[in-house]
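**Student:** Just a sequence and a predicted model for now, questions to come.
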Amino acid sequence: MASNPYFSLAVLFVGALGFGLAPLALAWVWAKVFSPSKPNALKNAVYECGLESKGDAWVQYRSGYYLYAIIFLIFDVEAVFLLPFAVAFTGLGLAASLSMLVFVLLLVEGLAWAWAKGVLTWA
Amino acid sequence: MKTVEEIKAAIEAAVPGAGVEVVPNPGPAAQHSLLLKPDTAVAVATFLRDDTELALDFLSNVTGVDWLDKEIAEKVKVTRTVAKTVDGQEQQVEETAEETQKRVEPGYLEVVYHLYSVAKKHGPVVFRMRTGNRTDMVELPSMTPVWRSAEFQEREVFDLYGVAFKGHPDLRRILMWEGFKDHPMRRDYVEPDDFDYEPTAHDEVLKRAQEHQAALAAQKGGGE
Amino acid sequence: MAVDEGLKIELGKQGVFVTTLQELYNWGRRSSVWPMNFGLACCAIEMIATTMARYDLARFGAEVFRPSPRQADLMIISGTVTKKMAPQVVRLYNQMGEPRYVIAMGACAISGGPFKQGYNVLKGIDRYIPVDVHIPGCPPRPEALLEAFMTLQKKIDAQHLTGEERPRHLDAEAPGMFPVPEQGEHDLEPPANKNVWTVPVVIR
């Protein structure tokens, strides 16, 4: 068994597992032996800066937030591409410039579509 | 800037039936103020703000004042008919005597507003309004529609003095909690009897603390 | 069981470190007292100054101000506790996990201070929750807060794991809940928690 080439790996694996689990086990045993658990309604209440919590945490949001976030993300990423493009602009060939223009055009088209759909109007 | 009398004249020209009075300040500051009638106050306030010469566009502060019921002792000449023996004959004689009569002037709550003009760089113009009494006629018009900065200060006056501002957009207590019943800045407010531990008491607090101790002792004695 | 001091030093010279479980436990706790991220009034400014580089609260392992009571060990009552705020403070204290400690910082927190006779000021937070260290001052200097920290650390160091003397969080019988006062029509109800606060005797 010891001759198995994976034996050392198994030993290390057990060691790593022990390294993670031992503190957890120790904390658990410590809590069992020494510190009694004293839960109460106040302690278990939802934390809301000391105020009494009101209502439910599960509330509905407008889907508009989601669309806004998506559009923001797209143009955020676009900026990441535009910056190196602008830096290397003078040294670029026709093909590279064209493909970049197509890329921007696609995004502009998407923006125009979203605009036409009324996503950008917030009401 | 115009004097208070001139402002009064201007108001009376602009707002018919405004009924503005001047309350003189006898102190060295001589900062006389205008007393507005509650029913025309909003119109007058709007005039003070919009008038091109006054242009009082900034409400600096709102103050509450509590005036308790005042007992006024006056000397009055009273004529009454008294039966008297004059020259051996009984006669009805009119007699005049000086008597002290007491009358109670009902107290009221007063709200004082200080106005400045940022545009004209002048001020302050002080005006006040008074409620009918201290108990049930405590309504006054709100100045919040005229000066937005009145909102929180009027809430504070409402909270601490109990003046109900009509037309205020959000009249809630601001310092004390909802459900609190008293108005702590009124002069007859009595704070809760919480004088168990007063290590450095003096004056009024010492008196209250001693009263509290005496009440505790009496309670203990009665319990045994 | 304590180890003999002389023996401990002798063993230390030989490169052997001897300790007890209790010492190790207390050392760990006193070196990582995480305060709650929470200030009430002007004392809070001094508290913030204490955490900054000049006074450097991090030396005591207390630089991590937790914005949630679940992760905090120490509540620094830094400032005036108004009667409107008191229920919130007590509720937050209840939501902290044991072991939890309280430093009442400044005149207002310990007695109401200059506002003691005010209509809206609580006459000391110790009426509702147990306070471990009181610091006078208006506001106390950051050095005073550091002193309070060291006092608290000494207090933690002296705590026993077992026996009658053991602190609240190790005692199953000790109360874990401190009732939140209600805001009544004229005052907080009750005006003080009788289990926590007894009227101190003034010695003149």
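**Tutor:** Thanks, I have the structure now.

**Student:** how deep is whichever residue of chain B sits closest to chain A tucked in, by neighbour count?
**Tutor:** At 12.0 Å from chain A, B:Trp177 is the closest residue in chain B, using Cβ to the nearest Cβ. C-beta coordinates here come from the backbone N, C-alpha and C atoms, glycine included. B:Trp177: 16 surrounding residues under other Cβ atoms under 10 Å in any protein chain shown.

**Student:** ok, it - contacts?
**Tutor:** B:Trp177 makes contacts with C:83-84, C:183, as judged by Cβ atoms under 8 Å, 6 or more residues apart in numbering or on different chains.

**Student:** how about the residues of chain A near chain C?
**Tutor:** Residues of chain A lying near chain C by Cβ under 8 Å from any Cβ of the partner chain: A:34-36, A:38-40, A:42-43, A:45, A:47, A:49-52.

**Student:** Can you turn the buried part of these into a ChimeraX selection?
**Tutor:** Burial among the residues of chain A next to chain C is assessed by 16 or more other Cβ atoms under 10 Å in any protein chain shown; the matching ChimeraX selection reads:
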select /A:35,38,42,43,47,50
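
**Student:** quick check, nearest of the residues of chain A next to chain C to A:Val119?
**Tutor:** The shortest gap between A:Val119 and any of the residues of chain A next to chain C belongs to A:Cys49, at 34.5 Å (Cβ to Cβ).

**Student:** pretty sure the closest one is touching C:Gln88, no?
**Tutor:** Yes - counting by Cβ atoms under 8 Å, A:Cys49 touches C:Gln88, with 7.3 Å between them.

**Student:** Now do the domain split for chain B, please.
**Tutor:** B:4-67+B:108-166, B:70-104, B:191-224 (automatic domain parsing).

**Student:** right, so those: which one is the most enclosed?
**Tutor:** Each of the domains of chain B was scored by mean neighbour count; the highest is domain B:4-67+B:108-166, a mean of 18, by mean count of other Cβ atoms under 10 Å in any protein chain shown.

**Student:** Please state the offset of it from the chain centre?
**Tutor:** When C-alpha coordinates are averaged (Cα atoms, centre = their mean, to the nearest Å), domain B:4-67+B:108-166 and its chain have centres 13 Å apart.

**Student:** Kindly check the end-to-end length of that domain for me.
**Tutor:** 27 Å (Cα to Cα, to the nearest Å).

**Student:** pLDDT averaged over it - what is it?
**Tutor:** Mean pLDDT, domain B:4-67+B:108-166: 92.

**Student:** How about stretch A:43-62?
**Tutor:** This predicted structure assigns stretch A:43-62 an average pLDDT of 81.

**Student:** what about it, how long is it end to end?
**Tutor:** Chord length of stretch A:43-62, first to last residue, is 33 Å (Cα to Cα).

**Student:** residues contacting B:Arg187?
**Tutor:** Residues counted as contacts of B:Arg187 (Cβ under 8 Å, 6+ apart) are B:66, B:68.

**Student:** do the same with the one 4 residues further on
**Tutor:** Residues counted as contacts of B:Glu191 (Cβ under 8 Å, 6+ apart) are B:184, C:117, C:119.
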